[in-house]
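In: Okay, predicted coordinates and the sequence, questions at the end:
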Amino acid sequence: MIKKIFRLIKNKKSQKDYRLDSFFNDYDSFEKLDVQKRFPMSKSEIYPCLDDNTGVTPFDAHYVYHPAWAARIIRDINPALHVDISSTLHFCSMISAFIKTEFYDFRPAKLNLDNLSCLEGDLTNLAFESNSIASLSCMHTIEHIGLGRYGDPLDPDGDIKAINELQRVCAVNGDLLIVVPVGVKKILFNAHRIYNPFDIVNYLDGCTLKKFSLINDAGEFIDDADMENAAEQKYGCGCYWFKKQ
């Protein structure tokens with residue numbers, strides 16, 4: 001690690017990186033101010049962070065907004081149990097603070113939290129009875145299925161199989177939350193698919209769309225979004241709340 005940092009410093013110095021000059025100026029100033037010496041400090045154990053001095057706090061709009069959107073819905077419907085399939089771990093770990101949660105993934109996560117169970121599951125062949133789950137989510141996951149990125153088998157229709165499985169296991173009148181990239185339709189192999197937002201509604205023909213929200217290309221969250229606008233995005237984030245019929 002230290003060698004990497006010094007290689008970074010060497011490269012930066014060769015490029016006359018003024019951020020690094022500022023870093024060492026701050027180091028020297030801090031060292032003079034630190035009269036109490038409560039912590040050991042040495043230039044052999046520095047960890048330069050040169051990109052964090054920004055005017056506003058940057059964030060990944062997709063991965064901040066969509067779990068926050070889903071958590072508010074789970075709070076409102078207040079299920080006895082929520083089942084999540086392969087969404088971000090931040091989501092299942094946070095909602096387990098107030099709702100009993102089961103999390104399933106092709107590569108199970110080793111999380112140790114009360115009220116949360118982490119188990120193995122194949123989204124294209126879920127080990128649940130049909131119509132058995134009253135509260136279900138699968139967010140920013142379907143777009144990857146079948147592209148092999150995470151060690152899953154190559155399958156051009158893997159995403160459709162996943163959607164059909166989610167629809168099968170969701171209980172009648174149950175809640176199903178799905179999040180996928182939306183916009184001009186394409187595959188960026190092997191990262192993900194981007195969907196025309198209307199296609200997701202058509203795939204889930206056994207469900208009724210209760211609400212559609214969008215994180216647009218500008219990183220703005222739109223709670224009640226226009227699907228025509230979503231279809232014009234390059235890499236939007238479509239958040240669908242379905243009720244199974």
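Out: That came in fine, so what should we check first?
In: Name the nearest residue to residue 156, ignoring sequence neighbours.
Out: Nearest non-adjacent residue to residue 156, counting by CB to CB, 6 or more residues apart in numbering: residue 146, 6.1 Å away. Backbone N, C-alpha and C define where each C-beta goes, glycine included.
In: and the gap between the one you found and residue 173?
Out: Residue 146 sits 30 Å away from residue 173, going by CB to CB, to the nearest Å.
In: So for those two, which residue has more residues nearby?
Out: Per other CB atoms under 10 Å, whichever of residue 146 and residue 173 has more neighbours is residue 146, with 21 against 10.
In: Now do the same contact list for that one.
Out: Residues near residue 146 by CB atoms under 8 Å, 6 or more residues apart in numbering: 152, 153, 154, 155, 156, 157, 158, 159, 161.
In: For the top strand by length along the chain, name the packing helices and strands.
Out: Ranked by residue count, the top strand of the chain under DSSP state E comes out as strand 170-182. Using 3 or more CB pairs under 8 Å, 6 or more residues apart in numbering; DSSP states H and E, the elements in contact with strand 170-182 are helix 61-77, strand 133-139, helix 158-169, strand 192-194, helix 197-203, strand 207-215, strand 236-244.
In: moving C-terminal of the lowest-mean-pLDDT helix or strand in the chain, what's the next helix or strand?
Out: Lowest mean confidence among the helices and strands of the chain (mean pLDDT, DSSP states H and E): helix 2-14, at a mean of 54. Going down the chain from helix 2-14, the next helix or strand is helix 18-33, by DSSP states H and E.
In: so where is this protein shaky, pLDDT-wise?
Out: Scanning the chain with the threshold set as pLDDT under 70 gives 1-16.
In: Roughly how far does the most far-flung residue of the chain relative to its centre sit from residue 130?
Out: The centre of the chain is farthest from one residue, residue 35, which by CA atoms, centre = their mean lies 43.9 Å away. Going from residue 35 to residue 130 by CB to CB gives 70 Å.
In: Quick check: of the contacts of residue 146, which lies closest to residue 61?
Out: Nearest to residue 61 among these: residue 159, at 22.6 Å, using CB to CB.
In: got the contact list for the closest one?
Out: Residue 159 sits next to 142, 143, 145, 146, 193 when contact means CB under 8 Å, 6+ apart.
In: and which of the residues you listed is nearest residue 124?
Out: residue 145 (6.6 Å).
In: Pull the contacting residues for the closest one.
Out: By CB under 8 Å, 6+ apart, the contact list for residue 145 reads 123, 124, 152, 155, 158, 159, 161, 162.
In: Just the buried ones among these, please.
Out: Applying 16 or more other CB atoms under 10 Å to those, the neighbour count classes 123, 124, 152, 158, 159, 161, 162 as buried.
In: Show me which of the residues you listed is closest to residue 237.
Out: Once CB to CB is applied, the member of the buried ones among the contacts of residue 145 that ends up nearest residue 237 is residue 159, at 15.9 Å.
In: Can you tell me how far that closest one is from residue 17?
Out: Note on residue 159: its distance to residue 17, by CB to CB, is 43 Å.
In: swap in residue 195?
Out: Computed as CB to CB, the residue 195 to residue 17 distance reads 41 Å.
In: Between these two, which is the more surrounded one?
Out: Taking neighbours as other CB under 10 Å, residue 195 and residue 17 compare with residue 195 leading, 23 against 16.
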